[in-house]
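Peer 1: fold the following.
(one chain, ligands or ions: 1)
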Amino acid sequence: MTLTMIAALGQNRELGKDNTLIWHFPQDLKFFRNQTKGHPIVMGRKTFESLPRMLPKRNHIVISRTNPELPEGVEVFSSIEAFLEAYKEVEEEIFVIGGAQIYTQMLPYADRLLLTEIEQSYDADAFFPNFGKNEFERKVLSDITENGVHYSHIEYRRGKTMNYNELLEQVKSIAKEAAEFMANGTVEKVDEKGDVANIVTNMDVATQNFVIEKLTPLIPDAIFFAEEKENQALTNEYTWIIDPIDGTTNYAYDFKHSCVSIALAYNHEPLLGAVYDPYLKELFWALKGEGAYVNGQKLSVKQNTMKSSLILIGTSPYKKDLADKTFDTLKKLFVNGRDLRRSGSAVLDLAYVAAGRVDAFYEESLSFWDYAAASLFVMEAGGCFAGENGNWGDVAPIRVLAGNPNNIEDLKALVK
Ligand SMILES: NC(=O)c1ccc[n+]([C@@H]2O[C@H](COP(=O)([O-])OP(=O)(O)OC[C@H]3O[C@@H](n4cnc5c(N)ncnc54)[C@H](OP(=O)(O)O)[C@@H]3O)[C@@H](O)[C@H]2O)c1
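Peer 2: Down below sits the predicted model:
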């Protein structure tokens, strides 16, 4: 299948307001008709509802979680993944016709964008995603002036469709190589980052540089979010999230429980991740929608309830002001669960939840690089990941809980 997204947008990527279009350009409607006629069209439930009538000579596919009552002949999928799976073998061009939510989520899968770029701004409440234009080849198809407004039909063709399986293989090799580089390195310098518990060694910086250098050619425009650098807020662009040494204190003490963690996010969601523990020679990885693995073995979380849960915990050592909250909570988890463990590597802790080696994880304050890859392992292993006091991908640390469907609600209640 070739997936083409077709949209008309104002100069600030405006799409519509109050679930209606905010302009009327008959020649553009004709362009839309000519392009999509005879092809299946996919849309969000709201866009379907905004259509004045069903469009002739096109199969209508609607994405909706709420299973609304729709006219006969409309095919409904409860998720984008279900639609992609059902149509993956179909050798036909399929048009994604909106709206904002669907464009945003389907952009990674689009081979081609056909955009009407209008040189005027509008009052709007729905916007087209801000996409990485240098991933696409741009071609102007036509320039039109209608009702005194100038607009162009532009085709963006994806230069090379991102093959996430291939990319994951490369990321797995880089994580392994970097972790071996780290394990064979020598700690020559230990600095404190504002707190005696928050240290950085020469090897954190060297490993991070090693990883960035290897990842850069894989997606030239990608943004880096990494422990040993200043970071900007996550955007919807491809972003690598790197923890060059997770468990730096373990590493500096030769405690032999540290790892390298690499994740790739797109559109504020994790796409893939790889983590290597050079001491146990364990490579964890996951690709969104395709499961999580350790050394080729599929991971799945345990199903224990709270009272039978063995819980890995972090003490947020860089934030001693959280000590009362943390240790009060640990007592509650200890009393209400089976027992507690503390390893010093949050990445491996979360990977161990995914692997069913423990039942749950709690830490009051964790940075994005600590959970970016491993949160995907937990979710892909059938577990539950919850970020609280903030959102997944925030620059500021958040509280992190992980568990399974049978213990997560009790865990949340105890930690509140
Ligand atoms: N300028 C253009 O070319 C253009 C084209 C199309 C639309 N528009 C405009 O865009 C606006 C509508 O966009 P919108 O973002 O509000 O709505 P939308 O994307 O058309 O539809 C959103 C709905 O799609 C369903 N949905 C979204 N993500 C889903 C997922 N991952 N799994 C299952 N269902 C999912 C949900 O339906 P349920 O709530 O039923 O679960 C959700 O409420 C309107 O203003 C419209 O005029 C403009």
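
Peer 1: for the ligand, what's the nearest residue on the stretch 151-300 of the chain?
Peer 2: Closest approach between the stretch 151-300 of the chain and the ligand, counting by Cβ to the nearest ligand atom: Glu269, at 10.7 Å. Bear in mind the C-beta positions are built from the backbone N, C-alpha and C, glycine included.

Peer 1: now do the contacts for the residue nearest the centre of the chain.
Peer 2: The structure's the chain has its C-alpha centroid closest to Glu269; by Cα atoms, centre = their mean the separation is 1.7 Å. Contact analysis of Glu269 by Cβ atoms under 8 Å, 6 or more residues apart in numbering lists Lys288, Trp392.

Peer 1: who's it bridged to?
Peer 2: For Glu269, the beta-bridge partners under DSSP bridges are Tyr266.

Peer 1: then the one 5 residues further on?
Peer 2: Under the criterion DSSP bridges, Ala274 forms beta bridges with Ile262, Trp285.

Peer 1: against which helices or strands is the helix or strand of the chain with the lowest mean pLDDT packed?
Peer 2: Least confident helix or strand of the chain, by mean pLDDT, DSSP states H and E, is strand 190-195 with a mean of 84. Judged by 3 or more Cβ pairs under 8 Å, 6 or more residues apart in numbering; DSSP states H and E, strand 190-195 is in contact with strand 198-201.

Peer 1: show me where this structure has helices.
Peer 2: 26-36, 45-50, 80-87, 100-106, 164-183, 202-215, 248-252, 323-336, 346-354, 368-380, 408-415 (DSSP state H).

Peer 1: how close does the residue nearest to the centre of the chain get to Ser375?
Peer 2: 10 Å (Cβ to Cβ, to the nearest Å).

Peer 1: what do the two both touch?
Peer 2: Common neighbours of Glu269 and Ser375 (Cβ under 8 Å, 6+ apart) are Trp392.

Peer 1: returning to what we had before: redo the helices of the chain as TSV? Include mean pLDDT and distance to Lys229.
Peer 2: Compiled in TSV, these are given as follows (pLDDT from 0 to 100; distance: least, Cβ to Cβ, whole Å):
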stretch	mean pLDDT	distance to Lys229
helix 26-36	97	44
helix 45-50	96	40
helix 80-87	96	33
helix 100-106	97	27
helix 164-183	97	16
helix 202-215	96	7
helix 248-252	95	15
helix 323-336	98	27
helix 346-354	98	18
helix 368-380	98	10
helix 408-415	98	30
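
Peer 1: re the thing from before, mind listing what the least confident helix or strand of the chain pairs with, with the direction of each?
Peer 2: Here, using DSSP bridges, strand 190-195 pairs with strand 198-201 (antiparallel).

Peer 1: could you give me the buried positions within the strand it pairs with?
Peer 2: For strand 198-201, burial by neighbour count (16 or more other Cβ atoms under 10 Å) applies to Ile199, Val200, Thr201.
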